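Enquirer: dropping the sequence and predicted coords here.
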Amino acid sequence: MKTCVVIYNPNSGHTLRKTMIPKYKEIIENHGYKATFIATEYKGHAKEIVSHLGHVDLIMSMGGDGTFNEIMCGNLQRKQRLVLAHIPVGTTNDVGVMFGYGKDIEKNIHMCLTGEVKGLDIPLINRRPFVYVAGFGKFLDIPYETPRSLKKKFGHMAYLWAGFKDFFRVTKNYKLSYIIDGVEKKGLYSFILISSANRIAGFNNFYKDVKLDDNLFEILFCTYTRRLDIIKAFGMLRATGPNNVSGLEFHRASNIKITFDEHPKKAWCVDGEKLEIRTKTYEIKNEKNVQILMPKKNIDKLFVKKSN
């Protein structure tokens, strides 16, 4: 019998109830796996669990995007990587929705285990993986600054309220340079967004033609500091796409190096969590062909290499 280790975050979102774990275990075992459930106890625990596991056929994440990120970090530390899966039960669940999951956990488990293993590109920022988004600057500390208690109580509304308050704070510009494909550009920017996803911060189809296996990630620099200009630019981005939007510089690349003129006090946000690495220079590149078991629902839309 195949083996499956389920790493779950008991503090994720609204929907994960310990009383349901025997039912989830039964569903997994009905699909031919011997299932073991392990609860995370502290930040970084999921990463530790995965990095020290022996061989298993599948590691299933059951939590939010941050839990999946930890599991991904642990997997990429291993000499022999394992196949991963992700069942979303967090607050925003950008990755899970992008993969094609809904809100019913039992149905999601079935969709996953009847799905297909695909090879994803996983971006690394200074060798630290992120599953779908890394950001810096205006609005982009909201995910890790919003108290967990508010996220658990109010869900996505907690982020919207935090964003409303941040809207009225002074916007800072950061002097920096970046190099893409050997070409350097310098400027003042209020935020940076690097992603490998078509859903970000709860917004579907943030970019309309994202592929998860094309060795490219999407890069957005904003030059605006006036709050209304930023909002207008994002409205144009969602309406017309990222190209030729005033105040936004958009690129697709497999490698970028960003260097700040001064050591930034603000931290990057990586998959909704605070990046503890603090330096003036950040390099982002892809790790290719990381194996993920996912539903068949959105595969043809998300991958260059179509479903078998």
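Expert: Ah, there it is.
Enquirer: where do the helices sit along this structure?
Expert: 21-30, 45-52, 65-76, 94-99, 105-113, 142-145, 148-154, 156-167, 227-240, 299-302 (DSSP state H).
Enquirer: distance of the closest residue to residue 88 other than its chain neighbours relative to residue 288?
Expert: Nearest-residue entry for residue 88: residue 96, 2.5 Å, with adjacent residues in sequence omitted and distances by Cβ to Cβ, 6 or more residues apart in numbering. (C-beta placed from N, C-alpha, C; glycine too.) Per Cβ to Cβ, to the nearest Å, residue 96 is found 22 Å from residue 288.
Enquirer: who's more crowded, these two?
Expert: Using other Cβ atoms under 10 Å as the criterion, residue 96 and residue 288 rank with residue 96 on top: 25 against 12.
Enquirer: wait, what's in contact with that one?
Expert: Residue 96 makes contact with 65, 86, 87, 88, 90, 108 under the criterion Cβ atoms under 8 Å, 6 or more residues apart in numbering.
Enquirer: and the last one, what's its pLDDT?
Expert: Model confidence at residue 108, expressed as pLDDT, equals 96.
Enquirer: surely residue 213 meets residue 196?
Expert: No: with contact defined as Cβ atoms under 8 Å, residue 213 does not reach residue 196; the gap is 9.9 Å.
Enquirer: quick check: neighbours shared by the two?
Expert: residue 121.
Enquirer: who has more neighbours out of those two?
Expert: Just comparing residue 213 and residue 196: by other Cβ under 10 Å the higher neighbour count belongs to residue 196, 24 against 18.
Enquirer: surely the more buried one meets residue 218?
Expert: Yes: the criterion here is Cβ under 8 Å, and residue 196 meets it with residue 218 at 7.1 Å.
Enquirer: need the overlap of contacts for those two.
Expert: Residues touching both residue 196 and residue 218 (Cβ under 8 Å, 6+ apart): residue 210.
Enquirer: before we move on, back to that, okay if I get the helices of the chain as a markdown table plus distance to residue 188?
Expert: Below are the helices of the chain laid out as a markdown table (distance: least, Cβ to Cβ, whole Å):
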| stretch | distance to residue 188 |
| --- | --- |
| helix 21-30 | 49 |
| helix 45-52 | 36 |
| helix 65-76 | 30 |
| helix 94-99 | 29 |
| helix 105-113 | 43 |
| helix 142-145 | 22 |
| helix 148-154 | 32 |
| helix 156-167 | 19 |
| helix 227-240 | 14 |
| helix 299-302 | 34 |
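Enquirer: do you know which of the ones you listed lies nearest residue 257?
Expert: helix 65-76 (20.5 Å; Cβ to Cβ).
Enquirer: residues making contact with the closest one?
Expert: Contact partners of helix 65-76, identified using Cβ under 8 Å, 6+ apart, comprise 7-9, 12, 40, 44-51, 59, 61, 81-82, 84, 86, 88, 90, 92-96, 122, 128-132, 270-273, 287, 290.
Enquirer: for the residue nearest to residue 88, report the pLDDT, please.
Expert: Note on residue 96: pLDDT of 91.
Enquirer: do residue 208 as well
Expert: The model's pLDDT for residue 208 equals 79.
Enquirer: compute the inter-axis angle for the lengthiest strand in the chain and helix 65-76.
Expert: Counting by DSSP state E, the longest strand found in the chain is strand 281-294. Orientation of strand 281-294 against helix 65-76 (axes from the mean of the first three to the mean of the last three Cα atoms, to 10 degrees) gives an angle of 90 degrees.
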